[in-house]
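*Asks:* One predicted model, sequence on top.
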Amino acid sequence: MQNYEITIVGAGLAGITAARRLKKQGRDRILLVDKSTSVGGRLATRRVANGKADHGAQFFTVRTDELNEDVEDWLEKGWIRHWYGEDYPRYTAVDGMNRLAKQLSEGFDTLLQSKVVEIKRQDGFYKLIDDQGKTWKSEKVLLTMPVPQVVQLMKDSQLNVPVETMKQLKSIAFEPTYVGIFHFQHATSLPGSGQVDQDLPDGMERIVDHQKKEISDDVIVSIYMTGDWSRRHYGEDYVMGLMKEKAASYLDFDDIQSEQLKRWRYAQANKVIRSPYLDLTGEGTLVCAGDAFLRENDSAGRTRFESAYLSGKDAAAFLSW
(Lines give C-alpha, C1' and ligand atoms only; values in the text may rest on other atoms or scores of the structure.)
Protein backbone atom coordinates (compact mmCIF):
# COMPACT_ATOMS: atom_id res chain seq x y z
CA MET A 1 0.00 0.00 0.00
CA GLN A 2 1.44 3.36 -1.05
CA ASN A 3 2.14 5.94 1.62
CA TYR A 4 1.92 9.72 1.12
CA GLU A 5 2.68 12.61 3.39
CA ILE A 6 -0.35 14.60 2.21
CA THR A 7 -3.30 13.57 0.04
CA ILE A 8 -5.34 16.37 -1.54
CA VAL A 9 -8.83 15.24 -2.52
CA GLY A 10 -10.14 17.59 -5.20
CA ALA A 11 -7.78 18.79 -7.92
CA GLY A 12 -9.41 22.15 -8.60
CA LEU A 13 -7.63 25.43 -8.07
CA ALA A 14 -7.62 25.26 -4.25
CA GLY A 15 -6.12 21.77 -4.30
CA ILE A 16 -3.56 22.60 -6.97
CA THR A 17 -2.51 25.80 -5.21
CA ALA A 18 -2.11 23.90 -1.94
CA ALA A 19 0.04 21.29 -3.67
CA ARG A 20 2.28 23.97 -5.18
CA ARG A 21 2.81 25.69 -1.82
CA LEU A 22 3.49 22.39 -0.06
CA LYS A 23 6.08 21.54 -2.68
CA LYS A 24 7.80 24.91 -2.16
CA GLN A 25 7.94 24.07 1.54
CA GLY A 26 9.81 20.86 0.83
CA ARG A 27 6.95 18.36 0.88
CA ASP A 28 7.50 15.85 -1.90
CA ARG A 29 5.11 12.96 -1.17
CA ILE A 30 1.92 14.68 -2.28
CA LEU A 31 -0.98 13.01 -4.10
CA LEU A 32 -3.70 14.92 -5.98
CA VAL A 33 -6.94 12.94 -6.33
CA ASP A 34 -10.01 13.83 -8.38
CA LYS A 35 -13.09 11.96 -9.56
CA SER A 36 -13.03 13.74 -12.94
CA THR A 37 -11.03 12.88 -16.05
CA SER A 38 -8.92 16.03 -15.70
CA VAL A 39 -7.59 18.36 -13.05
CA GLY A 40 -9.07 21.84 -12.81
CA GLY A 41 -12.56 21.56 -11.36
CA ARG A 42 -14.39 24.64 -12.63
CA LEU A 43 -11.32 25.65 -14.60
CA ALA A 44 -13.01 23.66 -17.32
CA THR A 45 -12.63 23.72 -21.11
CA ARG A 46 -14.61 21.57 -23.52
CA ARG A 47 -13.70 20.70 -27.11
CA VAL A 48 -16.52 21.26 -29.61
CA ALA A 49 -15.94 20.34 -33.29
CA ASN A 50 -12.75 22.22 -34.26
CA GLY A 51 -13.13 24.67 -31.42
CA LYS A 52 -13.33 24.84 -27.67
CA ALA A 53 -15.24 26.61 -24.93
CA ASP A 54 -14.49 27.54 -21.35
CA HIS A 55 -17.67 26.46 -19.56
CA GLY A 56 -16.67 27.06 -15.94
CA ALA A 57 -14.61 30.07 -14.88
CA GLN A 58 -14.14 32.47 -17.79
CA PHE A 59 -11.61 34.79 -16.19
CA PHE A 60 -10.25 35.93 -12.85
CA THR A 61 -9.42 39.20 -11.14
CA VAL A 62 -6.71 40.08 -8.64
CA ARG A 63 -7.12 41.85 -5.31
CA THR A 64 -4.19 40.53 -3.26
CA ASP A 65 -0.42 40.89 -3.59
CA GLU A 66 -0.08 37.11 -3.22
CA LEU A 67 -2.08 36.28 -6.32
CA ASN A 68 -0.60 39.25 -8.18
CA GLU A 69 2.90 37.83 -7.68
CA ASP A 70 1.91 34.55 -9.31
CA VAL A 71 -0.06 36.34 -12.04
CA GLU A 72 3.06 38.27 -13.04
CA ASP A 73 4.89 34.95 -13.33
CA TRP A 74 2.08 33.36 -15.38
CA LEU A 75 2.01 36.37 -17.70
CA GLU A 76 5.77 36.10 -18.23
CA LYS A 77 5.44 32.40 -19.01
CA GLY A 78 2.66 33.11 -21.52
CA TRP A 79 0.09 31.02 -19.67
CA ILE A 80 -2.43 33.84 -19.25
CA ARG A 81 -3.24 37.21 -20.79
CA HIS A 82 -5.22 40.34 -20.04
CA TRP A 83 -8.62 39.77 -21.64
CA TYR A 84 -10.56 42.98 -20.99
CA GLY A 85 -11.12 45.67 -18.36
CA GLU A 86 -8.61 48.46 -17.81
CA ASP A 87 -9.33 49.77 -14.32
CA TYR A 88 -10.09 46.28 -13.04
CA PRO A 89 -8.34 43.79 -15.35
CA ARG A 90 -9.85 40.42 -16.19
CA TYR A 91 -7.28 37.73 -16.93
CA THR A 92 -7.90 34.53 -18.84
CA ALA A 93 -5.82 31.54 -19.87
CA VAL A 94 -4.21 31.65 -23.30
CA ASP A 95 -5.36 28.20 -24.41
CA GLY A 96 -8.45 27.70 -22.25
CA MET A 97 -8.81 27.75 -18.48
CA ASN A 98 -8.28 24.01 -18.10
CA ARG A 99 -4.91 24.35 -19.78
CA LEU A 100 -3.84 26.71 -16.98
CA ALA A 101 -4.90 24.11 -14.39
CA LYS A 102 -2.81 21.48 -16.16
CA GLN A 103 0.21 23.79 -16.31
CA LEU A 104 -0.10 24.58 -12.60
CA SER A 105 -0.43 20.90 -11.63
CA GLU A 106 2.39 19.61 -13.80
CA GLY A 107 4.86 17.38 -11.97
CA PHE A 108 2.54 16.18 -9.19
CA ASP A 109 1.42 12.61 -8.62
CA THR A 110 -2.20 12.66 -9.75
CA LEU A 111 -4.92 10.04 -9.49
CA LEU A 112 -7.89 10.84 -11.74
CA GLN A 113 -11.29 9.16 -12.10
CA SER A 114 -10.98 8.24 -8.45
CA LYS A 115 -13.77 9.13 -6.02
CA VAL A 116 -12.71 8.80 -2.39
CA VAL A 117 -15.62 7.08 -0.63
CA GLU A 118 -14.17 6.45 2.83
CA ILE A 119 -11.37 7.67 5.07
CA LYS A 120 -10.30 5.63 8.10
CA ARG A 121 -8.00 6.64 10.94
CA GLN A 122 -5.47 3.86 11.61
CA ASP A 123 -2.27 3.87 13.68
CA GLY A 124 -1.53 7.56 13.18
CA PHE A 125 -2.31 7.45 9.44
CA TYR A 126 -5.36 7.91 7.30
CA LYS A 127 -6.38 5.05 5.04
CA LEU A 128 -8.21 6.32 1.95
CA ILE A 129 -10.45 4.09 -0.14
CA ASP A 130 -11.82 5.03 -3.56
CA ASP A 131 -14.79 3.76 -5.54
CA GLN A 132 -12.58 1.32 -7.46
CA GLY A 133 -11.34 -0.32 -4.27
CA LYS A 134 -7.90 1.30 -4.45
CA THR A 135 -6.41 2.09 -1.04
CA TRP A 136 -3.45 4.12 0.20
CA LYS A 137 -2.13 5.71 3.38
CA SER A 138 -1.57 9.37 4.08
CA GLU A 139 -0.22 11.22 7.11
CA LYS A 140 -2.49 14.20 6.42
CA VAL A 141 -5.51 14.86 4.18
CA LEU A 142 -6.80 18.07 2.60
CA LEU A 143 -10.36 18.01 1.23
CA THR A 144 -11.11 20.65 -1.41
CA MET A 145 -14.09 19.19 -3.25
CA PRO A 146 -17.51 20.90 -2.91
CA VAL A 147 -18.55 21.08 0.76
CA PRO A 148 -21.72 18.93 0.40
CA GLN A 149 -19.45 16.13 -0.84
CA VAL A 150 -17.16 16.66 2.16
CA VAL A 151 -20.15 16.40 4.51
CA GLN A 152 -21.24 13.13 2.90
CA LEU A 153 -17.72 11.71 3.04
CA MET A 154 -17.45 12.54 6.75
CA LYS A 155 -20.76 10.76 7.39
CA ASP A 156 -19.69 7.68 5.43
CA SER A 157 -16.27 7.62 7.12
CA GLN A 158 -17.61 8.05 10.67
CA LEU A 159 -14.62 10.14 11.66
CA ASN A 160 -14.58 12.06 14.93
CA VAL A 161 -15.62 15.47 13.59
CA PRO A 162 -17.11 17.74 16.31
CA VAL A 163 -20.79 18.58 15.97
CA GLU A 164 -20.07 22.33 15.79
CA THR A 165 -17.60 21.79 12.94
CA MET A 166 -20.16 19.77 11.01
CA LYS A 167 -22.68 22.57 11.58
CA GLN A 168 -20.22 25.05 10.08
CA LEU A 169 -19.79 22.86 7.01
CA LYS A 170 -23.51 22.38 6.59
CA SER A 171 -24.07 26.15 6.82
CA ILE A 172 -22.36 26.61 3.45
CA ALA A 173 -25.05 26.71 0.75
CA PHE A 174 -24.47 26.47 -2.99
CA GLU A 175 -26.42 27.49 -6.05
CA PRO A 176 -26.21 25.66 -9.38
CA THR A 177 -25.43 27.18 -12.76
CA TYR A 178 -26.59 26.17 -16.21
CA VAL A 179 -24.26 26.81 -19.14
CA GLY A 180 -25.38 26.41 -22.74
CA ILE A 181 -22.64 25.71 -25.30
CA PHE A 182 -23.48 26.51 -28.93
CA HIS A 183 -21.55 25.92 -32.15
CA PHE A 184 -22.37 28.40 -34.93
CA GLN A 185 -21.46 28.26 -38.60
CA HIS A 186 -20.76 31.98 -38.99
CA ALA A 187 -19.26 34.75 -36.87
CA THR A 188 -21.46 36.37 -34.23
CA SER A 189 -22.20 40.07 -33.80
CA LEU A 190 -20.97 40.07 -30.20
CA PRO A 191 -18.40 42.76 -29.24
CA GLY A 192 -14.73 42.38 -30.12
CA SER A 193 -13.83 41.09 -26.66
CA GLY A 194 -16.32 38.29 -27.23
CA GLN A 195 -18.24 38.81 -24.02
CA VAL A 196 -21.38 40.56 -22.80
CA ASP A 197 -22.31 40.85 -19.12
CA GLN A 198 -24.34 44.06 -18.93
CA ASP A 199 -28.05 44.76 -19.51
CA LEU A 200 -28.84 41.12 -20.25
CA PRO A 201 -32.31 39.59 -19.89
CA ASP A 202 -33.37 38.54 -16.41
CA GLY A 203 -31.70 35.28 -15.41
CA MET A 204 -28.83 35.57 -17.87
CA GLU A 205 -25.39 36.31 -16.42
CA ARG A 206 -22.96 36.27 -19.34
CA ILE A 207 -22.49 35.44 -23.04
CA VAL A 208 -19.02 34.55 -24.35
CA ASP A 209 -17.84 34.03 -27.93
CA HIS A 210 -14.74 31.85 -27.58
CA GLN A 211 -13.50 32.57 -31.09
CA LYS A 212 -13.35 36.27 -30.22
CA LYS A 213 -11.87 35.30 -26.85
CA GLU A 214 -9.09 33.78 -28.98
CA ILE A 215 -9.16 30.23 -27.68
CA SER A 216 -11.29 28.63 -30.43
CA ASP A 217 -10.96 28.20 -34.20
CA ASP A 218 -14.69 27.57 -34.61
CA VAL A 219 -17.43 29.92 -33.43
CA ILE A 220 -18.35 28.46 -30.03
CA VAL A 221 -20.51 30.48 -27.65
CA SER A 222 -21.27 29.90 -23.96
CA ILE A 223 -24.38 31.30 -22.29
CA TYR A 224 -24.30 31.45 -18.49
CA MET A 225 -27.45 31.65 -16.43
CA THR A 226 -27.56 33.12 -12.92
CA GLY A 227 -27.58 30.94 -9.83
CA ASP A 228 -31.11 31.98 -8.88
CA TRP A 229 -32.50 31.23 -12.36
CA SER A 230 -30.61 27.91 -12.53
CA ARG A 231 -31.92 26.86 -9.11
CA ARG A 232 -35.52 27.65 -10.07
CA HIS A 233 -35.25 25.65 -13.31
CA TYR A 234 -32.85 22.93 -12.14
CA GLY A 235 -33.75 19.53 -13.55
CA GLU A 236 -36.35 20.80 -16.02
CA ASP A 237 -36.16 19.41 -19.55
CA TYR A 238 -36.83 22.68 -21.41
CA VAL A 239 -33.91 24.71 -20.02
CA MET A 240 -32.10 24.94 -23.34
CA GLY A 241 -35.18 26.32 -25.09
CA LEU A 242 -35.61 29.01 -22.43
CA MET A 243 -31.98 30.02 -22.73
CA LYS A 244 -32.23 30.36 -26.50
CA GLU A 245 -35.37 32.48 -26.21
CA LYS A 246 -33.60 34.87 -23.85
CA ALA A 247 -30.53 35.11 -26.10
CA ALA A 248 -32.42 35.44 -29.40
CA SER A 249 -31.61 39.14 -29.77
CA TYR A 250 -27.87 38.44 -29.44
CA LEU A 251 -27.40 35.24 -31.45
CA ASP A 252 -28.79 33.75 -34.68
CA PHE A 253 -29.93 30.29 -33.65
CA ASP A 254 -30.91 29.47 -37.25
CA ASP A 255 -27.15 29.35 -37.87
CA ILE A 256 -26.52 26.76 -35.16
CA GLN A 257 -24.47 23.63 -35.84
CA SER A 258 -24.80 21.93 -32.45
CA GLU A 259 -25.74 22.61 -28.86
CA GLN A 260 -25.10 21.07 -25.46
CA LEU A 261 -25.93 21.83 -21.86
CA LYS A 262 -23.63 21.81 -18.83
CA ARG A 263 -24.99 21.74 -15.28
CA TRP A 264 -22.74 22.85 -12.42
CA ARG A 265 -24.50 21.63 -9.29
CA TYR A 266 -22.13 23.46 -6.91
CA ALA A 267 -21.22 26.48 -8.98
CA GLN A 268 -21.10 29.19 -6.35
CA ALA A 269 -21.72 29.49 -2.64
CA ASN A 270 -24.36 31.97 -1.53
CA LYS A 271 -23.34 31.33 2.08
CA VAL A 272 -19.63 31.17 2.92
CA ILE A 273 -17.35 30.64 5.93
CA ARG A 274 -15.12 33.50 7.05
CA SER A 275 -12.10 31.28 7.55
CA PRO A 276 -9.77 30.10 4.75
CA TYR A 277 -9.92 26.49 5.98
CA LEU A 278 -11.40 24.28 8.72
CA ASP A 279 -9.46 21.84 10.87
CA LEU A 280 -12.05 19.06 10.92
CA THR A 281 -10.80 17.00 13.86
CA GLY A 282 -8.68 19.51 15.80
CA GLU A 283 -5.53 17.47 15.17
CA GLY A 284 -4.19 19.50 12.23
CA THR A 285 -4.20 16.41 10.02
CA LEU A 286 -7.61 16.53 8.32
CA VAL A 287 -8.48 19.89 6.79
CA CYS A 288 -11.20 21.27 4.49
CA ALA A 289 -10.69 24.22 2.12
CA GLY A 290 -12.01 25.68 -1.14
CA ASP A 291 -13.51 28.74 -2.75
CA ALA A 292 -16.29 29.00 -0.15
CA PHE A 293 -13.71 29.46 2.64
CA LEU A 294 -12.85 33.16 2.73
CA ARG A 295 -10.33 35.07 4.78
CA GLU A 296 -11.88 37.35 7.39
CA ASN A 297 -10.65 40.45 5.53
CA ASP A 298 -11.83 39.28 2.11
CA SER A 299 -13.23 42.45 0.54
CA ALA A 300 -15.15 40.71 -2.25
CA GLY A 301 -17.07 38.45 0.12
CA ARG A 302 -17.90 35.82 -2.50
CA THR A 303 -16.61 32.63 -4.07
CA ARG A 304 -14.26 33.11 -7.01
CA PHE A 305 -10.87 32.11 -8.48
CA GLU A 306 -8.95 34.18 -5.92
CA SER A 307 -10.82 32.84 -2.89
CA ALA A 308 -9.98 29.28 -3.98
CA TYR A 309 -6.35 30.26 -4.53
CA LEU A 310 -5.98 31.92 -1.10
CA SER A 311 -7.79 29.10 0.68
CA GLY A 312 -5.45 26.56 -0.87
CA LYS A 313 -2.38 28.57 0.13
CA ASP A 314 -3.54 29.07 3.73
CA ALA A 315 -4.58 25.44 4.17
CA ALA A 316 -1.17 24.30 2.90
CA ALA A 317 0.60 26.59 5.36
CA PHE A 318 -1.49 25.14 8.20
CA LEU A 319 -0.78 21.55 7.17
CA SER A 320 2.95 22.27 7.11
CA TRP A 321 3.08 22.95 10.85
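*Replies:* Arrived safely, thanks for sending.

*Asks:* Could you identify the longest helix within this protein?
*Replies:* Assignment by DSSP state H gives helix 305-319 as the longest helix of the chain.

*Asks:* Would you mark the buried spots in that helix?
*Replies:* Buried residues in helix 305-319, counted by 16 or more other CB atoms under 10 Å: 305-316, 318-319. In this view, the C-beta of every residue, glycine as well, is placed from N, C-alpha and C.

*Asks:* Not counting its neighbours along the chain, what's nearest A267?
*Replies:* Spatial nearest neighbour of A267, chain neighbours left out: T177 (3.5 Å); criterion: CB to CB, 6 or more residues apart in numbering.

*Asks:* could you list every residue that touches that neighbour?
*Replies:* Going by CB atoms under 8 Å, 6 or more residues apart in numbering, T177 touches E205, Y224, M225, T226, G227, S230, R263, W264, A267, Q268.

*Asks:* can you rerun that using 6 Å?
*Replies:* With contact taken as CB atoms under 6 Å, 6 or more residues apart in numbering, T177 is in contact with G227, S230, W264, A267.

*Asks:* Give me the neighbour count for the last one.
*Replies:* As a burial measure, A267 scores 23 neighbours (other CB atoms under 10 Å).

*Asks:* Check the gap between it and A57 for me.
*Replies:* According to CB to CB, to the nearest Å, A267 stands 10 Å off from A57.

*Asks:* ditto for the second one
*Replies:* From S230 across to A57, the span is 16 Å (CB to CB).

*Asks:* Also the first one?
*Replies:* Taking CB to CB as the measure, G227 falls 14 Å from A57.

*Asks:* Neighbour count for those two, which is higher?
*Replies:* The neighbour comparison of G227 against A57 (other CB under 10 Å) goes to A57, with 25 against 20.

*Asks:* State the phi and psi torsions of that one.
*Replies:* Phi and psi for A57, reported as degrees, to the nearest 10, are phi -70, psi 130.

*Asks:* and what of K244?
*Replies:* Main-chain dihedrals, K244, degrees, to the nearest 10: phi -70, psi -40.

*Asks:* so what pLDDT did the closest residue to it other than its chain neighbours get?
*Replies:* Once flanking residues are discounted, K244 sits nearest to F253: 5.3 Å by CB to CB, 6+ apart. Model confidence at F253, given as pLDDT, is 97.

*Asks:* Next, work out how far apart F253 and Q185 are.
*Replies:* For F253, the distance to Q185 equals 11 Å [CB to CB].

*Asks:* G10 now?
*Replies:* Note on G10: its distance to Q185, by CB to CB, is 38 Å.
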